[in-house]
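[1] next come a sequence and a model predicted from it.
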Amino acid sequence: MARICTPARSAISHGRGTEMHRRGFTLIEVLVALAVFAVVTLLAWRGLDVMVGTKARLDGEMRRWRELELVFERLALDLTQIAPRFWVDEQGRTRSAVQASGTTSGAQCQLDLMRFGVDNLPVHARYRLQDGRFTLQILPTSQSQAQSLAEAASALAEAEGKTPDHLLLDDVSRCDLAFLDGNNVWQARWPNSDTLSDATRPRGMRLRLTLDGRGQFERIYYLP
């Protein structure tokens, strides 16, 4: 028997479909969508955080390598321009153009150089490691003929307290200096007062810097 759909039943069916269509998402569907969105957002944030952290670490590593290379290059430039001139230390003693007779190994070390600067005028450069800081200090070298050794020593001591230290590298735990003499033997200090005069230059110099958590780095220089 054929079923006849009356207009009234068709209207009822159409009304139910429209009601279900207008009802939208259920609460469970909304919660699932929010959970998926939260997971995707968290993964994206973590990925971005990893990228930012990696970039910051790489930038820090590059900066440290650049600072270390600048220290080695600055010292190389000074060593190629050594001036044959004596200077007077704080105790009134005459010192050579390359002077490292104090502590040259360990957590503290000091290297004094007399080099040519602007207009070929001599410049007193003092490299020093102290309290984990490797610094450079430029000290005055003006000394008149009438100035006594005591006066020169007093002037240097006064200038040392007023002249700022330029930080070259921090977190340095150890510095080791060595100097190559005329017999190709490495000396821990220079000049070697037992066999050498103050006017003798070393043939070469070796610098080792130990950085906290990074290891030991070495550079060997030839002195013309």
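    That came in fine, so what should we check first?
[2] can you map out the helices along this structure?
    For the chain, the helices defined by DSSP state H occupy 7-23, 27-79, 149-162.
[3] which one of the ones you listed has the lowest average pLDDT?
    Per-stretch mean pLDDT for the helices of the chain is lowest at helix 7-23 (a mean of 50).
[4] contacts for stretch 179-196?
    With contact meaning C-beta atoms under 8 Å, 6 or more residues apart in numbering, stretch 179-196 is reached by 96, 98-102, 104-105, 177-178, 197-198, 200, 202-206. The way it works is simple: take the backbone N, C-alpha and C, and place the C-beta from them, glycine included.
[5] filter the residues you listed to the buried ones?
    96, 98-101, 104, 177-178, 198, 200, 202, 204-205 (16 or more other C-beta atoms under 10 Å).
[6] who does the nearest residue to Arg174 once chain neighbours are set aside bridge with?
    Distance criterion C-beta to C-beta, 6 or more residues apart in numbering; nearest residue to Arg174, sequence neighbours excluded, is Thr210 at 3.8 Å. Per DSSP bridges, the residues bridged to Thr210 are Arg174, Gln216.
[7] sorry, back to before: out of the contacts of stretch 179-196, which sit inside strands?
    Filtering those for membership in strands, criterion DSSP state E, returns Val98, Gln99, Ser105, Leu177, Ala178, Gly204, Met205, Arg206.
[8] pLDDT-wise, what's the bottom of those?
    At the low end of pLDDT for the ones in strands among the contacts of stretch 179-196 is Ser105, which has 86.
[9] right, and that one touches Leu177 too?
    Yes - taking C-beta atoms under 8 Å as the definition, Ser105 is a contact partner of Leu177 at 6.9 Å.
[10] on that earlier part again, closest to Ile220 out of the buried ones among the contacts of stretch 179-196?
    Closest approach between the buried ones among the contacts of stretch 179-196 and Ile220, by C-beta to C-beta: Gly204, at 6.2 Å.
[11] identify the bridge partners of the closest one.
    Leu180, Tyr222.
[12] quick check: it vs Val185, distance?
    If you measure Gly204 against Val185 using C-beta to C-beta, to the nearest Å, the figure is 11 Å.
[13] what's the answer for Leu77, then?
    For Leu77 relative to Val185 (C-beta to C-beta), the value is 26 Å.
[14] again with Pro202
    Pro202 is 11 Å from Val185, by C-beta to C-beta.
[15] residue contacts, the nearest residue to Gly213 once chain neighbours are set aside?
    The spatially closest residue to Gly213, leaving aside those adjacent along the chain, is Asp171, at 7.7 Å (C-beta to C-beta, 6+ apart). Asp171 is in contact with Gly132, Leu211, Asp212, Gly213, counting by C-beta under 8 Å, 6+ apart.
[16] give me the neighbour count for Val36.
    10 (other C-beta atoms under 10 Å).
[17] before we move on, what about Thr210?
    Thr210: 16 surrounding residues under other C-beta under 10 Å.
[18] tell me the confidence at Phe25?
    Taking Phe25 on its own, its pLDDT is 69.
[19] list the contacts of the residue nearest to Arg174.
    By C-beta under 8 Å, 6+ apart, the residues touching Thr210 are Val172, Ser173, Arg174, Cys175, Asp176, Gln216, Phe217.
[20] the same query, at a cut-off of 6 Å, please.
    Ser173, Arg174, Gln216 (C-beta atoms under 6 Å, 6 or more residues apart in numbering).
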